[in-house]
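Chemist: my questions are about this predicted structure, shown below with the sequence.
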Amino acid sequence: MIYRIISSMYHALLKRKREIFIRKLVNNGLRLGKDVHIIDTFFFDPSHCFLISIGDNCTICPNVRLIAHDASTKIFLGYTKIGRIDVHENSFLGDSVIVLPNVTIGPNSIVGAGSVVTKDVSPNSVAAGNPARVISSLDDYLEKVRSISKTKGVFSKEYAIHMLDGTKRNEVLKSLEDSIGFII
């Protein structure tokens with residue numbers, strides 16, 4: 001019981017700290033659209049946040065790094081490269097994505113987990129890899145996922161981690177024996 005109270009307080013404090021930090025970045029020029037979901041930890045280049053723009057309805061997963069400068073030339077030339085980063089509306093940046101300077105991520109795009117984005121991602125596309133490259137149109141990707149989900153089904157909210165019992169956990173595990181699964 002005491003653990004839950006302390007854990008709840010700790011997470012509330014982290015959330016508040018993150019909100020204050022985001023507000024500071026916005027005050028320093030970060031452009032942040034409406035309904036942007038920033039999940040857990042992130043790095044939005046604080047020294048060059050005024051070069052970063054994130055559109056409406058975007059999801060930024062944990063450990064995403066938006067780096068608007070490249071100091072690799074500093075010791076050799078005495079100056080650092082900088083560039084804008086524009087993440088357009090309805091984009092999804094997966095866990096641990098790194099976006100480097102002078103990159104635009106087009107609207108309605110998905111960038112897969114672990115990708116390093118060094119060049120623009122076209123609108124309505126899915127990109128992944130290191131360096132990231134477009135691997136599919138968004139429509140083709142969504143159709144593929146829809147098709148698989150028809151044979152697998154989609155687990156409801158009752159299967160969220162905090163609601164799992166042994167029976168539900170076993171149902172999920174059995175469903176995943178031959179491929180991926182889906183949950184709301």
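Modeler: Yep, that arrived.
Chemist: contacts and neighbour counts: CA atoms only from here.
Modeler: Fine.
Chemist: what's the neighbour count on Gly153?
Modeler: Other residues near Gly153 come to 13 when the count uses other CA atoms under 10 Å.
Chemist: leaving out the residues flanking it, which one is nearest to it?
Modeler: Once flanking residues are discounted, Gly153 sits nearest to Phe182: 7.0 Å by CA to CA, 6 or more residues apart in numbering.
Chemist: same thing with Phe155?
Modeler: Ile183 (4.4 Å).
Chemist: residues touching that neighbour, list them.
Modeler: By CA atoms under 8 Å, 6 or more residues apart in numbering, Ile183 lies in contact with 154-157, 159.
Chemist: reformat those residues as a markdown table; add neighbour count.
Modeler: Formatted as a markdown table, those follow (neighbours: other CA atoms under 10 Å):
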| residue | neighbour count |
| --- | --- |
| Val154 | 13 |
| Phe155 | 16 |
| Ser156 | 10 |
| Lys157 | 10 |
| Tyr159 | 17 |
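Chemist: so Leu25: helix, strand or coil?
Modeler: Counting by DSSP: H, G, I helix; E, B strand; the rest coil, the backbone at Leu25 sits in helix.
Chemist: residues near it, how many?
Modeler: 21.
Chemist: look up the pLDDT of it for me, please.
Modeler: Per-residue confidence at Leu25 stands at 97 (pLDDT).
Chemist: is it true that it touches His48?
Modeler: No: using CA atoms under 8 Å, Leu25 is not in contact with His48; the gap is 9.3 Å.
Chemist: low-confidence ranges, the chain, go.
Modeler: Within the chain, no stretch has pLDDT under 70.
Chemist: residue ranges of the helices in the protein, please?
Modeler: Counting by DSSP state H, residue ranges of the helices within the chain are 2-27, 74-77, 138-152, 166-175.
Chemist: format these as CSV; extra columns: distance to Ile110.
Modeler: Below are those laid out as CSV (distance: least, CA to CA, whole Å):
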stretch, distance to Ile110
helix 2-27, 23
helix 74-77, 33
helix 138-152, 8
helix 166-175, 26
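Chemist: before we move on, the earlier item: tell me the one among the contacts of Ile183 nearest to Arg133.
Modeler: Nearest to Arg133 out of the contacts of Ile183 is Val154 (CA to CA; 29.2 Å).
Chemist: residues contacting the closest one?
Modeler: Taking CA under 8 Å, 6+ apart as the test, what Val154 contacts is 181-184.
Chemist: now swap in Val97 and tell me
Modeler: 63-65, 111-117.
Chemist: can you pick the most crowded of those?
Modeler: Result: Val111 is most packed of the contacts of Val97 (other CA under 10 Å), 27 neighbours.
Chemist: roughly how far does that residue sit from Tyr159?
Modeler: For Val111, the distance to Tyr159 (CA to CA, to the nearest Å) stands at 26 Å.
Chemist: with His88 instead?
Modeler: 32 Å.
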